[in-house]
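In: A structural model of the following input is requested.
(chains A and B)
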Amino acid sequence: MDPRLPTAIIVVVGIPAVLVGYILATEQVLRAFPERLKPRIRPWLWLAPALAFLIFYLIYPTIGTVISSFQDQFGKNWVGLANYAWFFSADDGIGSLVNNIIWLVLLTAITVGVGLLIAVLVDRVRYESFAKSVIFLPLAISATAASVIWLYMFAYQPPGHAQTGTLNAIVTALGAAPIAFMPTSEFKFNTVMLIIVTAWVWTGFAMVIISAALKGISTELLEAARVDGANEWQVFRNIIFPLLLPTLTVVATVMIITALKAFDIVYVMTNGNFDTQVIANAMYTWMFTNGNFGRGSVLAIILMLTVIPVMIFNINRFRAQEAIR
Amino acid sequence: MIGGSVTVLAQWTGTEQDQFMAMLKPWADETGVKVNYTGTRDEPTVLTTAIAAGGASLPDVAGIPGPAQMAQFAKAGQLQDLSTALDVDTYKSQTPQSLVDLGTVDGKIVGIFLDVSAKGQIWYDPKVVGDLSSSAPKTWDDLQTLITSNKSKATAPWCFTVESGAATGWPATDVLESFVLHTQGPDYYNDWWAGKVKWTDPGMKADWQMLGDMAANSYGGSNTILTTNFANAGDPLFTTPPGCLFLHQASFITGLGQFAKETKLTDYNFFPFPSVDAQYAGAVEGAGDLFGMFKSTPQSQSLMKYLVSAPAQQLFVQGGEFLSANKGVANYPNAMNQALGSLLANASSFVFDASDQMPTEMQNEFYKGLVNYIKSPDQLDSILSHLDSVQASAYSQ
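Out: Numbers count the residues shown, from 1 in each chain, chains lettered A, B, ... in the order given. All right, here's what the predicted structure looks like:
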């Protein structure tokens, strides 16, 4: 018998049993309270296990990270704001924040823009589902595999030699000198290339969501506009776009968070060399490669602080939508 | 019979893993201990994370990335004293003193070398520059003369590439280390990785410039150096016409890239790094795979004792990938490994890979500094002073 079998049985039978047992137990506890208070206490008791997990796995580590951001690399001595001062002077600190801002603007613009364009265009053709599948496909590839594929696309050989990289084969066929895509940091060229790789992965995601919203717009509305004499651009600008706006906001928010969290593609393709560092990769480098918990924690906190406004915006918008309903 | 099981973590996968498991087999058969082996290239992260989590998930026995991390783990009390597991007198009599010292922290033996490698050989194709096995250039100037007389035979004198994923830059640290060892000597070299020599020291700067010269005379220039994986560094040696005449790399290169497809001695051969300053002739830089014991059990103690023994080491080198740290092993499967083995055995002094002994933060910035220097040679002064500022904080413990 496989030694894992008893564990599997415990998991399959035990966990539902514990859950049901917990609900029954809460009712026992509630008996001690007057009838009037029961409806108020019950939801909290039901929420308690989830809250406990949340506190243990999210709140407690966050507090721990804040504490270690004021400590030295070994987490032994207090160093005040030294780690924060380092962040604002180092290439891995402020330099990666600048790169993340470029990521945020470009990645969101490309994925939402191109996603919208494709969604609107394929809506009008017969081979829509095939076209959408092809564009969605890269999302099913792991980021590491996507990076390796693109490293082959970007491969560089000295001028005058056969180019093994697809892009440089095209560039040299057109008569230009081969481009070393990854080391070229002038005008943030290599960062833009990394963003294009990420956009290649994520555009399909934006397209699918936008396309679904597009299908939700009633055809009567569009017919009515056309009968009233609106041309196709006016229909798009004044009818479709405003109705898509809530969806576009959701997709843009997701892409902004993706841009701020950018890690895997940078780690595999440049590891932050050639001025392409981003906060999440800098955090990994300082925390795990350099073993400097103080600086790693500062980077984690900066990353969290940049994401919080986006989250607040998202929650407010969500509440506003609930209010409309 | 001991029975039970032992967990082992090391960086070997593929054929290297097979060779390691083949070495363990006689021991496992004799003792009845089951070996649970995990092979990962992400060894440092796995170990650091396990220690940060309290150490419960640490393996019994593990490969350790380098002496710097070994010292870190030992000082944190995670590595066990091996004097209980090893027969210390036998171990010391069979192992070169410099290797015993490298495995010792605060007077305790905590690490053993499972294998060693000689670094900084110069590789060439005898069909292009002729057989140099009896007429190898003795000095750096001799090598320059040799390059001048063979200049027309290849696109560039040197092959040089540094791309290696997240560790991009490390092959260049080996080149710089060869220059430092042979221009400044072993004492300076050891002070340097220990943080007692400034990066802006004039001698150090001169060595960086020697590396810069090599990069400037390399096949494909800086873009090729920065974008080509180190495993393919030597491929242009074998093209027609050849892209380069010489490649500086450790002996493991013979298992990688085009080397793996060519024939030893007829298609490629090596000579030791020539001396720059005559008084340091014969100094050799090496590296090796350290093993340590995180949990002291009868099984792990027996395994450690077996790993350093001459029969186990003889079995390990038999596959052709490794050189032994045990002086009792002299029987290598081929002439090239024999030559490398004797190079190590007859070294006037043996130093360990400097970058692997620096604190990890210093090491990582060293990699990045060399990458930046190869990309922008005019930035040398600012790169070196940045490394000085890293040095000022990275060594404080």
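In: from here on, contacts and neighbour counts on C-alpha atoms
Out: Fine.
In: So what's the residue count around the closest residue in space to residue B:36 that isn't next to it in sequence?
Out: Nearest residue to residue B:36 in three dimensions, chain neighbours excluded: residue B:7, at 4.7 Å (CA to CA, 6 or more residues apart in numbering or on different chains). Residues within reach of residue B:7, counting by other CA atoms under 10 Å in any protein chain shown, total 17.
In: And what about residue B:7, helix, strand or coil?
Out: strand (DSSP: H, G, I helix; E, B strand; the rest coil).
In: In contact with the closest residue to residue A:295 other than its chain neighbours, which residues?
Out: Using CA to CA, 6+ apart and skipping the chain neighbours, the partner closest in space to residue A:295 is residue A:83 (5.6 Å). Applying CA atoms under 8 Å, 6 or more residues apart in numbering or on different chains to residue A:83 gives the contacts A:69, A:70, A:71, A:72, A:294, A:295, A:298.
In: Check whether residue A:83 sits in a helix, strand or coil.
Out: Following three-state DSSP, residue A:83 is assigned to helix.
In: now residue B:35
Out: Using three-state DSSP, the structure places residue B:35 in strand.
In: Find the nearest non-adjacent residue to it, please.
Out: Distance criterion CA to CA, 6+ apart; nearest residue to residue B:35, sequence neighbours excluded, is residue B:6 at 5.2 Å.
In: and the gap between that neighbour and residue B:69?
Out: Residue B:6 is 22 Å from residue B:69, where distance means CA to CA, to the nearest Å.
In: And for residue A:155?
Out: Computed as CA to CA, the residue A:155 to residue B:69 distance reads 34 Å.
In: neighbour-wise, which of those two wins?
Out: Each of residue A:155 and residue B:69 has its neighbours counted (other CA under 10 Å); residue A:155 has more, 22 against 19.
In: for the longest helix anywhere in chain B, which positions count as buried?
Out: Longest helix in chain B by number of residues, with DSSP state H as the criterion: helix B:170-193. By neighbour count on 16 or more other CA atoms under 10 Å in any protein chain shown, the buried set for helix B:170-193 is B:170-186, B:188-190, B:192-193.
In: Okay, helices next: where are they in the stretch 1-150 of chain A?
Out: Assigned by DSSP state H, counting those that start in this stretch, the helices in the stretch 1-150 of chain A fall at A:4-9, A:15-30, A:38-54, A:60-68, A:82-87, A:96-122, A:128-136, A:143-153.
In: most tightly surrounded among those?
Out: Comparing those by mean neighbour count (mean count of other CA atoms under 10 Å in any protein chain shown), helix A:96-122 ranks first with a mean of 20.
In: Can you work out which other helices and strands pack against that helix?
Out: On a contact count with 3 or more CA pairs under 8 Å, 6 or more residues apart in numbering or on different chains; DSSP states H and E, helix A:96-122 meets helix A:128-136, helix A:189-215, helix A:241-260, helix A:279-284.
In: roughly how far out does the longest one sit from the chain middle?
Out: Yep, that's helix A:189-215 we're talking about. 11 Å (CA atoms, centre = their mean, to the nearest Å).
In: And the next helix or strand past it?
Out: Scanning forward in sequence from helix A:189-215 by DSSP states H and E, the next helix or strand is helix A:219-227.
In: and the helix or strand following that next one, what's its mean pLDDT?
Out: Using DSSP H and E, the helix or strand that follows helix A:219-227 towards the C-terminus is helix A:232-235. Throughout helix A:232-235, pLDDT has a mean value of 91.
In: next one: stretch B:357-366
Out: Rounded mean pLDDT across stretch B:357-366 is 90.
In: So what's the residue count around the residue of the stretch 51-200 of chain A found nearest chain B?
Out: Residue nearest to chain B within the stretch 51-200 of chain A (CA to the nearest CA): residue A:158, separated by 4.9 Å. By other CA under 10 Å, the residues close to residue A:158 number 17.
In: Ok, residue B:94 next?
Out: Using other CA under 10 Å, the number of residues around residue B:94 comes to 18.
In: quick one, what contacts it?
Out: By CA under 8 Å, 6+ apart, residue B:94 lies in contact with B:326, B:327, B:328.
In: coming back round to it: so which two of the contacts of residue A:83 are the farthest from each other?
Out: A:72 and A:298 (11.0 Å; CA to CA).
In: and these two? which has more neighbours close in?
Out: More crowded of residue A:72 and residue A:298, by other CA under 10 Å: residue A:298, with 27 against 19.
In: how about the helix or strand that contains that one: buried residues?
Out: Remark: residue A:298 resides in helix A:293-324, with elements defined by DSSP H and E. Within helix A:293-324, the residues scored as buried using 16+ other CA under 10 Å are A:293, A:294, A:295, A:296, A:297, A:298, A:299, A:300, A:301, A:302, A:303, A:314.
In: One more: stretch B:129-137?
Out: B:129, B:131, B:136, B:137.
In: Now mean pLDDT too, for the helices of the stretch 1-150 of chain A, in JSON lines please.
Out: Formatted as JSON lines, the helices of the stretch 1-150 of chain A follow (pLDDT from 0 to 100):
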{"stretch": "helix A:4-9", "mean pLDDT": "87"}
{"stretch": "helix A:15-30", "mean pLDDT": "90"}
{"stretch": "helix A:38-54", "mean pLDDT": "90"}
{"stretch": "helix A:60-68", "mean pLDDT": "95"}
{"stretch": "helix A:82-87", "mean pLDDT": "93"}
{"stretch": "helix A:96-122", "mean pLDDT": "96"}
{"stretch": "helix A:128-136", "mean pLDDT": "94"}
{"stretch": "helix A:143-153", "mean pLDDT": "94"}
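In: Read off the pLDDT value for whichever residue of chain A sits closest to chain B.
Out: Chain B sits closest to residue A:290 of chain A, with a gap of 4.3 Å, by CA to the nearest CA. pLDDT for residue A:290: 84.
In: neighbours of residue 196, just the number please.
Out: The chain I'm using is chain A. The burial count for residue A:196: 18, using other CA under 10 Å.
In: could you do chain B instead?
Out: Residues near residue B:196, counting by other CA under 10 Å, number 13.
In: what does the one 10 residues further on give?
Out: Applying other CA under 10 Å, we find 15 residues neighbouring residue B:206.
In: Heading C-terminal from the helix or strand in which it is found, find the next helix or strand.
Out: Secondary structure assignment for residue B:206, by DSSP H and E: helix B:202-216. Sequence order places helix B:221-227 as the next helix or strand after helix B:202-216, per DSSP H and E.
In: Could you tell me the average pLDDT over the helix or strand following that next one, please?
Out: Counting by DSSP H and E, the next helix or strand C-terminal to helix B:221-227 is strand B:244-249. Strand B:244-249 comes out with an average pLDDT of 96.
In: quick one: pLDDT of residue 211?
Out: Since no chain was named, I'll use chain A. As predicted, residue A:211 sits at a pLDDT of 95.
In: actually chain B
Out: Note on residue B:211: pLDDT of 97.
In: same deal with residue A:325?
Out: pLDDT, read off for residue A:325, is 68.
In: same deal with residue A:1?
Out: With respect to pLDDT, residue A:1 has a value of 67.
In: In terms of secondary structure, what does the host helix or strand of residue B:157 contact?
Out: Following DSSP H and E, one finds residue B:157 within strand B:156-159. Under the contact criterion of 3+ CA pairs under 8 Å, 6+ apart, strand B:156-159 touches strand B:244-249.
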